[in-house]
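Undergrad: Provide a 3D model corresponding to the input given below.
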Amino acid sequence: MPKQDRSRATRQRLLEAAVACLAEHGWAGSTVAAVAERAGVSRGAAQHHFPTREDLFTAAVEYVAEERSTALRDLFPGGPADRRAVVTALVDLYTGPLFRAALHLWVAASNEDQLRARVTELEARVGRETHRIAVDLLGADESRPGARETVQGFLDMARGLGLANLLTDDTARRARVVAQWADLLDESLR
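TA: Alright, predicted model coming up:
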């Protein structure tokens, strides 16, 4: 394997390990050394790719968010699809390990000035991309009054469902809420 490919593979392993570590252990329990060990690389190799802890974890959340966006678009290659399936897929974004990892990063950023600016900028980018995907997949016409706010309100609600799911398994209630939101979006985005 050429050196460049090995470097790319190492970087990817580090990013995936960082998200898993953050999701499982939170900010306090997620160190560069712990991530390097989980990825099967030396701490020096990790620091070669990511000079600081902040570099590693913000890059990790960004990487997985990009992967998640690609996977979401790949679920619906024909564009706008059945709203219930789209609503379910979008809500699922907020119930997995990426959301848990991102949440730990947000909490850490709320207390650490050095991290706050980076996380705020990252979340703005991720939020814009998620909104764009939602608009496309829901077939929303944002030139219509209220359509943009309807999609954003739905995404905010989905984030809230993800928060509720952190403490208890909220699957049954979430399924009912998803069904209701799919119906509401059908009505309001026609």
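
Undergrad: show me where this protein has helices.
TA: 3-25, 32-39, 43-49, 53-75, 83-92, 97-111, 113-138, 147-167, 171-188 (DSSP state H).

Undergrad: mean neighbour count added to these, as JSON lines?
TA: C-beta: built from backbone N, CA, C; applies to glycine. Formatted as JSON lines, those follow (neighbours: other CB atoms under 10 Å):
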{"stretch": "helix 3-25", "mean neighbour count": "18"}
{"stretch": "helix 32-39", "mean neighbour count": "20"}
{"stretch": "helix 43-49", "mean neighbour count": "16"}
{"stretch": "helix 53-75", "mean neighbour count": "18"}
{"stretch": "helix 83-92", "mean neighbour count": "19"}
{"stretch": "helix 97-111", "mean neighbour count": "19"}
{"stretch": "helix 113-138", "mean neighbour count": "16"}
{"stretch": "helix 147-167", "mean neighbour count": "16"}
{"stretch": "helix 171-188", "mean neighbour count": "15"}
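
Undergrad: where does this protein dip in pLDDT?
TA: Within the chain, the stretches falling below the threshold (pLDDT under 70) are 1.

Undergrad: recalculate using a threshold of 80.
TA: Residue ranges of the chain with pLDDT under 80: 1-5, 79-81, 190.

Undergrad: most centrally placed residue in this protein?
TA: Nearest to the mean C-alpha position of the chain, by CA atoms, centre = their mean, lies A65 at 4.4 Å.
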